[in-house]
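Asks: what's the 3D shape of this:
(one chain, ligands or ions: 1)
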Amino acid sequence: MSTLRQLAIEALSNLPVQGQTTLAVDAGARAILREWMLAARRGTTAQPPSAPAAAVEPPAVQQSTTPDLQTTEQKLAWLREKALNWRAARALGSLRDTMVFATGDPHAQLMLVGEAPGYEEEQQQEPFVGPAGQKLTQILTAMGLSRAKVYISNICKFRPSMGPQQHTANRAPNDEEIAACLPIIQAEIRAIRPACIVCLGGTAARGLLGHAASVASQRGKWFETQGIPTRVTYHPSYLLRNDTITARRAVWEDMLAVMQKLNMPISAKQLRYFK
Ligand code: URA
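Replies: Down below sits the predicted model:
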């Protein structure tokens with residue numbers, strides 16, 4: 001296959017992930033596509049034309065580049081399938097093979113975004129099922145929520161590799177790895193349109209918001225992702241490492257702000273947690 005054709009196919013198949021599901025094609029491009037199609041039927045390789053192709057009759061309708069994805073469930077299932085062999089991530093060679101997508105309710109009001117799967121997540125192919133996940137479940141329970149009622153995902157869909165001796169050790173994804181996976185989480189957000197997003201830790205904030213600052217300096221404020229109110233708070237594993245009343249209260253205050261944003265009831269008892 002010619003490099004030009006390969007590049008065109010790659011660019012076209014990435015469009016839906018960027019939110020584009022239809023494509024206007026001009027006469028010149030249509031002539032090239034037609035040439036490729038005829039060559040494929042003949043079983044030969046069409047050479048890219050060196051001069052502008054002759055104009056052909058424009059079709060009456062726009063060309064669609066994706067299946068007709070109507071529901072959020074369909075969009076997420078399609079994305080999950082795409083993510084399995086996400087070329088940008090695979091090409092780096094620094095991420096492990098198993099893809100860990102997301103869990104929870106596709107119609108959730110609240111979306112939580114972590115950094116990347118760790119050992120347990122890779123084993124179970126589900127985000128936040130290890131010790132950090134248990135801490136996250138406790139936080140959700142304190143809010144009156146459950147894992148099934150929210151949508152939980154990661155900025156990076158593959159466990160970052162640490163070489164053959166990795167065993168159970170984990171590391172955070174680097175900027176390259178974050179950038180490679182970013183279109184996936186961005187497409188998840190476009191599909192779900194939650195009322196509120198929480199970045200769990202600095203890696204998620206770096207990816208979604210482009211913020212390099214510390215979590216301490218970002219928490220306690222509202223930001224926006226695709227126009228959706230976004231809060232940055234400490235990663236649950238930070239709480240496992242710093243199990244102090246101050247750290248717990250800081251996260252809890254962010255969660256109270258989230259509950260308020262979502263118009264959730266807040267009891268007097270909940271207001272006093274970790275004080
Ligand atoms: N930490 C994360 O950020 N995500 C997971 O899925 C697990 C641990």
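
Asks: burial of the closest residue to residue 211 other than its chain neighbours, as a residue count?
Replies: Distance criterion C-beta to C-beta, 6 or more residues apart in numbering; nearest residue to residue 211, sequence neighbours excluded, is residue 205 at 4.8 Å. For the C-beta atoms, the positions are set from N, CA and C on the backbone; glycine is no exception. Close neighbours of residue 205, defined as other C-beta atoms under 10 Å, add up to 27.

Asks: so who does residue 205 touch?
Replies: 199, 211, 215, 218, 232 (C-beta atoms under 8 Å, 6 or more residues apart in numbering).

Asks: strand partners of the helix or strand where the last one lies, parallel vs antiparallel please.
Replies: To tie it back to what came earlier, the one meant is residue 232. Residue 232 is located in strand 228-233, with elements delineated by DSSP states H and E. Paired neighbours of strand 228-233 in the sheet (DSSP bridges): strand 196-200 (parallel), strand 222-225 (antiparallel).

Asks: point out the most buried one among the ones you listed.
Replies: Ranked by mean neighbour count, the strands paired with strand 228-233 are led by strand 196-200 with a mean of 26 (mean count of other C-beta atoms under 10 Å).

Asks: which element follows that strand toward the C-terminus?
Replies: helix 202-209.

Asks: before we move on, the earlier item: please tabulate the contacts of residue 205 in CSV, including the columns distance to residue 164 and pLDDT.
Replies: Shown next, in CSV, are the contacts of residue 205 (distance: C-beta to C-beta, whole Å; pLDDT from 0 to 100):
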residue, distance to residue 164, pLDDT
199, 32, 98
211, 34, 95
215, 32, 98
218, 36, 98
232, 35, 98
